[in-house]
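Peer 1: this one's sequence-less:
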């Protein structure tokens with residue numbers, strides 16, 4: 001297959017490019033490098049089966065030759081990024097999705113949308129099934145991301161109904177692993193980088209809010225199965241690890257794994273920060289035969305060397 005990945009130099013996108021190449025795909029990686037990093041794909045540059053295109057998909061774009069699949073993973077994804085780039089975030093979810101769907105339509109390609117658990121907002125049910133419509137503040141600070149993804153889902157389904165585009169929507173829950181940015185702003189990279197540096201670990205609120213963390217290799221496996229499944233019921237699928245943990249407990253686990261002597265400090269909870277986040281993955285199990293294999297503690301141990309090396313390299317550059 002010749003597969004195009006938008007946001008292919010990002011955290012998830014770059015791991016996805018690696019998996020596609022390992023499976024024999026020719027990969028076209030498209031990224032603006034606003035939040036993506038060329039370092040994530042440096043080991044692929046120069047390979048015959050890999051092409052990098054620095055392109056803003058909020059502007060019209062076209063690709064020569066056949067394309068069998070379009071995987072739309074471009075978007076700022078952390079609160080820090082989308083609060084700094086609110087209009088761009090909305091444009092990627094709207095115009096970017098429109099352009100990516102137009103390409104898929106013109107090429108007769110499968111279209112896979114990277115949606116998010118944030119479409120559920122601050123949920124009133126736990127765990128969150130695909131049938132839950134969400135509890136989202138449309139004018140809150142997080143709305144630029146939440147509503148961009150909800151709109152992207154609506155447009156994706158509209159292209160399926162109006163034009164017959166073959167679609168898959170993956171609602172991705174918190175994911176972690178190597179290649180996350182230290183200054184990402186999300187709970188796990190914040191806590192991990194602070195512990196490695198010996199800094200106080202910042203926990204927002206009282207730490208009782210919950211998250212569910214999926215290791216990157218498990219998520220990529222789910223996305224790849226979603227891409228290839230012929231099952232027509234696989235239109236919208238939750239992908240995440242249902243092992244729920246409080247942020248306070250996560251901080252303690254990171255302290256234990258890193259051996260850090262840092263203390264935990266508490267800051268006010270950001271506006272509209274969800275109190276619960278846990279995927280119902282029954283559909284993924286039934287349709288894709290997929291469920292996470294890497295436990296949270298094993299995943300944290302796999303991730304730690306990357307954070308230690310990255311923090312060390314930053315210190316060397318600063319000296």
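Peer 2: Noted; the coordinates are in hand. On a predicted model such as this, the values are computed, not experimentally measured, just so you know.
Peer 1: Low-confidence bits of this protein, can you list those?
Peer 2: 319 (pLDDT under 70).
Peer 1: again, 50 this time
Peer 2: Across the chain, no stretch falls below the confidence threshold (pLDDT under 50).
Peer 1: all strands for it, in order.
Peer 2: Listed in chain order, the strands of the chain (DSSP state E) span 2-6, 26-31, 50-54, 69-72, 110-116, 167-172, 175-176, 201-204, 210-212, 214-215, 236-239, 244-246, 264-267.
Peer 1: Please identify the deepest-packed of these.
Peer 2: A comparison of the strands of the chain by mean neighbour count, using mean count of other CB atoms under 10 Å, puts strand 69-72 on top with a mean of 27. Using the backbone N, CA and C atoms, a C-beta is placed for each residue, glycine as well.
Peer 1: For residue 257, see how far away residue 44 is.
Peer 2: 30 Å (CB to CB, to the nearest Å).
Peer 1: If you count surrounding residues, which of the two has more?
Peer 2: Neighbours per residue, other CB atoms under 10 Å: of residue 44 and residue 257, the larger number sits with residue 44, 19 against 15.
Peer 1: residue contacts, the more buried one?
Peer 2: Contacts of residue 44 were listed using CB atoms under 8 Å, 6 or more residues apart in numbering, and they are 17, 18, 21, 27, 29, 50, 52.
Peer 1: Enumerate every residue touching the last one.
Peer 2: For residue 52, the contacting residues are 8, 9, 29, 31, 38, 41, 44, 45, taking CB under 8 Å, 6+ apart as the criterion.
Peer 1: circling back: please identify which pair of the contacts of residue 44 lies farthest apart.
Peer 2: In terms of CB to CB, those reach their longest pairwise distance at 18 and 52, which sit 13.5 Å apart.
Peer 1: out of everything not next to it in sequence, what's closest to residue 279?
Peer 2: In space, not counting the residues next to it along the chain, residue 279 is nearest to residue 240; the distance is 3.8 Å by CB to CB, 6 or more residues apart in numbering.
Peer 1: Just confirm that neighbour contacts residue 212, I think it does.
Peer 2: Yes. Between residue 240 and residue 212 there is a contact at 5.5 Å, judged by CB atoms under 8 Å.
Peer 1: so what's in contact with the two at the same time?
Peer 2: Overlap between the neighbourhoods of residue 240 and residue 212 consists of 173, 174, 278, 279, taking contacts as CB under 8 Å, 6+ apart.
Peer 1: now the second one: how far from residue 38?
Peer 2: Remark: distance between residue 174 and residue 38 (CB to CB) = 25 Å.
Peer 1: Make TSV out of the shared contacts of residue 240 and residue 212 and add distance to residue 253 and neighbour count.
Peer 2: Formatted as TSV, those follow (distance: CB to CB, whole Å; neighbours: other CB atoms under 10 Å):
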residue	distance to residue 253	neighbour count
173	18	24
174	14	19
278	17	23
279	20	27
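Peer 1: Can I get the residues you listed in CSV including distance to residue 244?
Peer 2: Below are those laid out as CSV (distance: CB to CB, whole Å):
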residue, distance to residue 244
173, 10
174, 11
278, 4
279, 9
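Peer 1: quick check, nearest of those residues to residue 124?
Peer 2: With CB to CB as the yardstick, the closest approach to residue 124 among those comes from residue 278, at 13.0 Å.
Peer 1: Kindly provide the distance from that closest one to residue 265.
Peer 2: 26 Å.
Peer 1: do residue 134 as well
Peer 2: Separation of residue 134 from residue 265 (CB to CB) stands at 32 Å.
Peer 1: Then residue 151?
Peer 2: When CB to CB is applied, the distance between residue 151 and residue 265 equals 37 Å.
Peer 1: Same question for residue 117.
Peer 2: Residue 117 sits 27 Å away from residue 265, going by CB to CB.
Peer 1: Same check on residue 115?
Peer 2: Taking CB to CB as the criterion, residue 115 is separated from residue 265 by 33 Å.
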